[in-house]
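> can you look at this prediction? I've put the sequence above it.
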2 protein chains.
Amino acid sequence: MLIALVLGLSVLALVVAWGLRGYVLRQDTGTADMRKISDAIQEGAEAFLRRQYRTIGLLSIALGVLIYVLYAFFRNPHSGEPAASTLALTTTLSFLFGALCSGVAGIVGMYVAVRSNIRTASAARSSLNKALQIALRGGAVSGLFVVSMSLFGVGLLYTVLEALHFEPTKIPLMIVGYGFGASFVALFAQLGGGIYTKAADVGADLVGKVEAGIPEDDPRNPAVIADLVGDNVGDCAGRGADLFESTAAENIGAMILGAGLAGANPGLFSPVQVVGLMLFPLVARAFGLVASIIGVLVVKAREDEDPMHALNRGYMWTALLAAAGFVGGTYWLLNPAAHPAAWWHFALCGVIGIVTSIAFVYITQYYTEYRYRPVKSIAAASVTGPATNIIAGFAVALECTALPTFTISAAIIASYKLGASSGLAHSGLFGTAVATMGMLGTAAYILAMDTFGPITDNAGGIIEMSHQPEDIRRRTDRLDAVGNTTKALTKGYAIGSAALAAFLLFSAYLDEVGQLGSPLQAVDISKPEVFVGGLLGAMLVFWFSALAISAVTKAAVSVIQEVRRQFQADPGILKGTSRPDYGRAVDIVTVGALKAMVAPGLLAVGMPIAVGLVFKVLFHVGAETVASFLMVGTISGILMATLLNNGGGAWDNAKKFIETGEYGGKGSPAHKAGVVGDTVGDPFKDTAGPSLHVLIKLLSTVTLVLAPLFV
Amino acid sequence: MLIALVLGLSVLALVVAWGLRGYVLRQDTGTADMRKISDAIQEGAEAFLRRQYRTIGLLSIALGVLIYVLYAFFRNPHSGEPAASTLALTTTLSFLFGALCSGVAGIVGMYVAVRSNIRTASAARSSLNKALQIALRGGAVSGLFVVSMSLFGVGLLYTVLEALHFEPTKIPLMIVGYGFGASFVALFAQLGGGIYTKAADVGADLVGKVEAGIPEDDPRNPAVIADLVGDNVGDCAGRGADLFESTAAENIGAMILGAGLAGANPGLFSPVQVVGLMLFPLVARAFGLVASIIGVLVVKAREDEDPMHALNRGYMWTALLAAAGFVGGTYWLLNPAAHPAAWWHFALCGVIGIVTSIAFVYITQYYTEYRYRPVKSIAAASVTGPATNIIAGFAVALECTALPTFTISAAIIASYKLGASSGLAHSGLFGTAVATMGMLGTAAYILAMDTFGPITDNAGGIIEMSHQPEDIRRRTDRLDAVGNTTKALTKGYAIGSAALAAFLLFSAYLDEVGQLGSPLQAVDISKPEVFVGGLLGAMLVFWFSALAISAVTKAAVSVIQEVRRQFQADPGILKGTSRPDYGRAVDIVTVGALKAMVAPGLLAVGMPIAVGLVFKVLFHVGAETVASFLMVGTISGILMATLLNNGGGAWDNAKKFIETGEYGGKGSPAHKAGVVGDTVGDPFKDTAGPSLHVLIKLLSTVTLVLAPLFV
């Protein structure tokens, strides 16, 4: 019956999302001028998504075949598990199903986002609150679709396999493919989207602002539509896929740990209670969905209010309700009669997760908003030119890893100790798993806020390009500024939750290796091979970031050349008498981005597999070396992603701070230096950083799925 | 008798160094104009060193007292070890002795380096070869002093304790303080020197080149002497202290492993042979010293030849002779009758180390010289401005971590497997230790090449500022370019050897923890506390780098203000009619650098201690958490240092490539972008990167010395 509740609540969330879609689509779409722009954005975004998901689909099918072959023919069978062909089939199908669900969620979210921008813009002509609500509800379609599709997929797979009479505690390991499918799609969605958005942005800025001297979002720039498209494919589709896979992988990982916990406490739980324990992660997620729906619906801003405050109120409601859900859920499902204190220990773990997510939000604000010291120091350093701007920004980027590290460290250890003292045996790791659930409990709301970003950014662009009056422009600028903040916060949140989830996924991996009959006593990095595995894992993060950043440069060069070509071919474009060929610029970025995402994508998928196989064949320590590769790679990835995300955000806002009139304001030498920093930060914060979140989780899921080959 | 050989050879090397000093001092000192400049450099450098070593001396004494108290009163006694007061005394005294020896080596090296510059400049007026020889031999005084003082110190401590009738195999653990003392001095020497050199450089460039529009090394710039002083205190004194501590820590760590190997193979070695096994690292180092002396003396360049070829010939001689020394040494000392294959297994490990050092030299060249793709790609990206220059450079910096990682990984595993298959029990780790010895075998020659850098840089400055004819200037420019290459190579070498040495020092730490009665079965990063230890260790590297880079900015600001003040106070300075007050600028950088080095220094020393104590008190896993802190911190440090060093070098040479006339040459927009990249790279490659080498080793030595407190 629990599973029916989970499926029911996720379908409910889908229905609400569909309703919000209707709400958004019913809104006014403004003037013909505005529609012309938004149609171009829509077309570009949908053309990109079509091509991107076609590529990803083909890659997924190829990998699916490979997984089937590896599982059916190269996997050593172990006692007590289903037949090789059955396992091969379930793993491959769940892989493909995960990829499919992620794709559907991404496409629906984008469909609504690129239709919300024009409606937000139109509403902004009369009311800030109305515009805010449309943008947030448009974003919520994406947020709710992503989280509920991820939950629904896992729930459905579980239901099907249970109906086929597989033993419930074996099911989670049979559906790890779902998480891998989700990561695989997320990797390419985030990489492709991230490369697209920054190639268009950097390309448009360099030729437009720097060479031709026209302002940002100027309709004379042939790459301006590509730039607006980019915000959608990077922040909406990319981050959506990222959090889809976070929640999917976390669900499955936590189910594995739940099954393990039941096994470690024989006789403590009745068979029904065992299923409750295992399904607890899904129930908690479903409660989080309900909390997020309520949070989205209560948001309402006064016309003179900072819109961020309104969003924060919604977030606090979501967090409170999610916490209440945790208390109720743990009391209901994690409450064995023999250990009456267990439930509140776990409830506290969930609260730790929620508090951690709030802490990440504040830390990210501290490092990326210009009210605080870090961004101010970058702005001050801009006075002496771009070099000191970059040095100061890089110092901030390095420094900003400290507080999140302390937070994550405290959260891991506190939830582990709380879990371990619950009275159950071996329940420390389950405590960290519950904290991760807590952190991800508000995911749908956070994602709604994130997609709010590209919607308001696009609305601002539409208002600007359709030459609306100054006071309307100021209104959309306010919303856009809030959108920049929420985008930065989401990245901080995504990396924090990836860090917590990683620890849970390691444990699931070790659990799986143990079930395969070769339990690892330890992941001992004082062994040379295991140490080398860690070294290679950490290096992968650096190398992958290099490829992601270079990919932006490569794709940007093609944009720059195209824009220059158009300016030369038709001098009327710069005069404003001819309309540039937006579509061609969009096409060129699309092709460039999809080509450029292949190298980093293959590295990310291939290297863990290569390390596992090489160390297995040469030194017979495949599983342990991969574990260390995974763990140290994750550590390195958390730090590097934080550096790149917050560094980029800080540079961005240092420029914005100067634009408020500080250090000479717009056009001053300090502002020029600020623009350099902002451009440098672009591929950091929107391509490499977010792709690293996905890389971290991909490492976990790829090793989970291929563990049998490394043992 | 072995120890007499070691002491004898190290004294021989000191005598040769003294002879080279005499050779250098006998050379012509050029015109009065030239001497005026070099006198100012000398004064400035010596004033800085005096103040710096006074500060370091006071800090060392304070820490020495603390070590004594901790050892005498807070260390739990273990069976079979000397009395607490004896251990406290030997550890504290060897700490102070290590600090003292490092200081002496640094001061003597600098004394000669700042006197070699003027003589190199003078010789350059008549002969390239003569100038090359003076610069290299001047550098060799530093190289030989550093390596032989480090060896002599360890040898002397061993002799004294043996004479006091301590059991030989217990001695290495009693003198780990020597390595800690060396690291402690190295940390502050490298930090202070690195901050000084870049604060002066960045400050002088920003006001001189950018604001006032005067060329580099222009005598009208009040900070020009501070800039020339900086090259000496950063590259000569700083790097000298860095390699002093590498060799000291490696010597002691390898002796600990040698003692452990003897213990693991009871009855295989006679008591005399056990001493031979333990002293093998010292003997190998002594042979390396002889090889380096010969290498330095054979260097001779034809007038029309690339001076780098001449230096490379000397290096190849040194490497070959060091390899021969290894073959002889292993045959002599690592040759138990029962395992006739053991010696050549270990000899091959030594050769692996030597080959690794050569591989690092080539990889560093590939990433930092403008003959190759990486630097060319940065130069090409400069055409579109500073932002793309920085993005391309950062991508190169991230990418260049890959090959060194593969090299180090291969070296660690190959030498471990070779060692393990030698026939002796538990001899794998000793194999990696021998590889480390091989890598450090050429240290004295490498350091001579490194100090060659600031000497030729200063010689170029002296020639430029004393207005010598164009053809002489071109000669010193050629030498200076070679000096830039050798400085970059040394950093690559230093980081490679630090990486290998780290693995050896981990093992020594685990060995020590075992001897303290609580052997660690594993350093298991799948435990939450141990994972968090690793996360914190990796973060320390980021945070420390942030502090080191910010320190440069802070100190540079004071230089900029002083130069501006002088320009305003006396307009005659820019007209060339008044002489600027060089001394005041030197003073200001000195004070600024010494103040700015305190925060990163305290963080580096304090954090491992804090982690060890907190995790011991709260969770009783101090030793294991510290081990993981150390290991993952080292991994992160290797990667970050490589990124910073090579990234900085690549930016530097991309600018130089443009200056050869590419992309518009000097003064073009591409060149301006190149200058921005070069300035950004300065604190990367000369402050934070080199300080990270030291940090890595400091983590090892501080944990070795304080291990008893964490158990």
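Looks like it came in fine.
> hmm, A:Ala433 is touching A:Met255, no?
No: contact status for A:Ala433 versus A:Met255: not in contact, 9.3 Å apart, counting by CB atoms under 8 Å. To be clear about C-beta, it is placed using only N, CA and C from the backbone, and glycine gets the same treatment.
> residues from the stretch 551-700 of chain A in reach of chain B?
Contact residues, the stretch 551-700 of chain A versus chain B (CB under 8 Å from any CB of the partner chain): A:552-553, A:556, A:560, A:619, A:627-628, A:631-632, A:635-636, A:638-639, A:643, A:675-676, A:679-680, A:683.
> make it 6 Å
A:Thr553, A:Met631, A:Val632, A:Ile635, A:Leu639, A:Val676, A:Thr679, A:Val680 (CB under 6 Å from any CB of the partner chain).
> let's have those in CSV, adding distance to B:Trp18 and pLDDT.
Listed next are those as CSV, based on distance: CB to CB, whole Å; pLDDT from 0 to 100:
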residue, distance to B:Trp18, pLDDT
A:Thr553, 53, 87
A:Met631, 51, 93
A:Val632, 47, 95
A:Ile635, 48, 95
A:Leu639, 47, 96
A:Val676, 51, 92
A:Thr679, 55, 90
A:Val680, 50, 93
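> mind putting those into JSON lines with secondary structure, distance to B:Glu470 and neighbour count?
Formatted as JSON lines, these follow (DSSP: H, G, I helix; E, B strand; the rest coil; distance: CB to CB, whole Å; neighbours: other CB atoms under 10 Å in any protein chain shown):
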{"residue": "A:Thr553", "secondary structure": "helix", "distance to B:Glu470": "39", "neighbour count": "22"}
{"residue": "A:Met631", "secondary structure": "helix", "distance to B:Glu470": "59", "neighbour count": "31"}
{"residue": "A:Val632", "secondary structure": "helix", "distance to B:Glu470": "54", "neighbour count": "33"}
{"residue": "A:Ile635", "secondary structure": "helix", "distance to B:Glu470": "54", "neighbour count": "31"}
{"residue": "A:Leu639", "secondary structure": "helix", "distance to B:Glu470": "50", "neighbour count": "29"}
{"residue": "A:Val676", "secondary structure": "helix", "distance to B:Glu470": "36", "neighbour count": "28"}
{"residue": "A:Thr679", "secondary structure": "helix", "distance to B:Glu470": "40", "neighbour count": "28"}
{"residue": "A:Val680", "secondary structure": "helix", "distance to B:Glu470": "38", "neighbour count": "28"}
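> which one of the residues you listed sits closest to B:Ser691?
Of all those, B:Ser691 sits closest to A:Leu639, with 18.0 Å by CB to CB.
> so that closest one makes contact with A:Thr401?
Yes: the criterion here is CB atoms under 6 Å, and A:Leu639 meets it with A:Thr401 at 4.8 Å.
> which stretches of chain A aren't confidently modelled?
In the predicted model, chain A carries pLDDT under 70 at residues A:77-81.
> in it, which helix is the longest?
Assignment by DSSP state H gives helix A:470-515 as the longest helix of chain A.
> return the distance of that one from the chain's centre.
Put simply, helix A:470-515 sits 6 Å off its chain's centre (CA atoms, centre = their mean, to the nearest Å).
> quick revisit: tell me the one of the residues of the stretch 551-700 of chain A next to chain B nearest B:Ile413?
Taking CB to CB as the measure, A:Val632 is the one of these closest to B:Ile413, at 16.1 Å.
> now do the same contact list for the closest residue to that closest one other than its chain neighbours.
Leaving out its chain neighbours, the residue that sits closest to A:Val632 by CB to CB, 6 or more residues apart in numbering or on different chains is A:Gly534, at 3.4 Å. Residues in contact with A:Gly534 (CB atoms under 6 Å, 6 or more residues apart in numbering or on different chains) are A:Ile525, A:Ser628, A:Val632, B:Ile635.
> show me the contacts for the one residue in the stretch 551-700 of chain A that gets nearest to chain B.
Using CB to the nearest CB, the point where the stretch 551-700 of chain A gets nearest to chain B is A:Thr679, with a distance of 3.6 Å. For A:Thr679, the contact set (CB under 6 Å, 6+ apart) comprises B:Ala387.
> how far away is it from A:Gln566?
Taking CB to CB, to the nearest Å as the measure, A:Thr679 falls 21 Å from A:Gln566.
> and A:Ala433 and A:Met255? Which one has more around it.
Taking neighbours as other CB atoms under 10 Å in any protein chain shown, A:Ala433 and A:Met255 compare with A:Ala433 leading, 35 against 27.
> contacting residues for that one?
A:Ala254, A:Leu257, A:Leu504.
> repeat for A:Asn221
A:Asn221 touches A:Ala204, A:Gly208, counting by CB under 6 Å, 6+ apart.
> and A:Arg239, what helix or strand is that in?
Here A:Arg239 sits within helix A:239-264, counting by DSSP states H and E.
> mind listing what's buried along that helix?
Across helix A:239-264, burial judged by 16 or more other CB atoms under 10 Å in any protein chain shown covers A:239-262.
> just after that helix, pick out the following helix or strand.
Counting by DSSP H and E, the next helix or strand C-terminal to helix A:239-264 is helix A:271-298.
> got a list of what the closest residue to A:Ser415 other than its chain neighbours touches?
The shortest distance from A:Ser415 to any non-neighbouring residue, by CB to CB, 6+ apart, is to A:Ala435 (3.7 Å). A:Ala435 sits next to A:Cys349, A:Ile352, A:Gly353, A:Ala411, A:Ser415 when contact means CB under 6 Å, 6+ apart.
> which of the residues you listed tops the neighbour count?
In terms of neighbour count, A:Ser415 stands highest of these at 33 neighbours, by other CB under 10 Å.
> next secondary structure after the host helix or strand of it?
In this structure, A:Ser415 is located in helix A:402-420 according to DSSP H and E. Sequence order places helix A:428-440 as the next helix or strand after helix A:402-420, per DSSP H and E.
> next one: stretch A:192-200, is it in contact with chain B?
No: using CB under 6 Å from any CB, stretch A:192-200 stays clear of chain B, with a minimum separation of 9.7 Å.
> rewinding a little: list the buried residues of the helix holding A:Ser415.
A:402-409, A:411-420.
> okay, the angle between that helix and helix A:470-515?
Orientation of helix A:402-420 against helix A:470-515 (axes from the mean of the first three to the mean of the last three CA atoms, to 10 degrees) gives an angle of 50 degrees.
> from the middle of its chain, how far away would helix A:402-420 be?
22 Å.
> run the angle between that helix and helix A:239-264 for me.
Counting by the same axes, to 10 degrees, helix A:402-420 lies at 30 degrees to helix A:239-264.
> what angle separates helix A:402-420 from helix A:428-440?
130 degrees.
> now do helix A:402-420: which elements does it pack against?
In terms of contacts (3 or more CB pairs under 6 Å, 6 or more residues apart in numbering or on different chains; DSSP states H and E), helix A:402-420 is packed against helix A:342-368, helix A:428-440, helix B:528-569.
> quickly compare those helices and say which is most buried.
For the helices and strands packed on helix A:402-420, the largest average neighbour count (mean count of other CB atoms under 10 Å in any protein chain shown) is found in helix A:428-440, namely a mean of 31.
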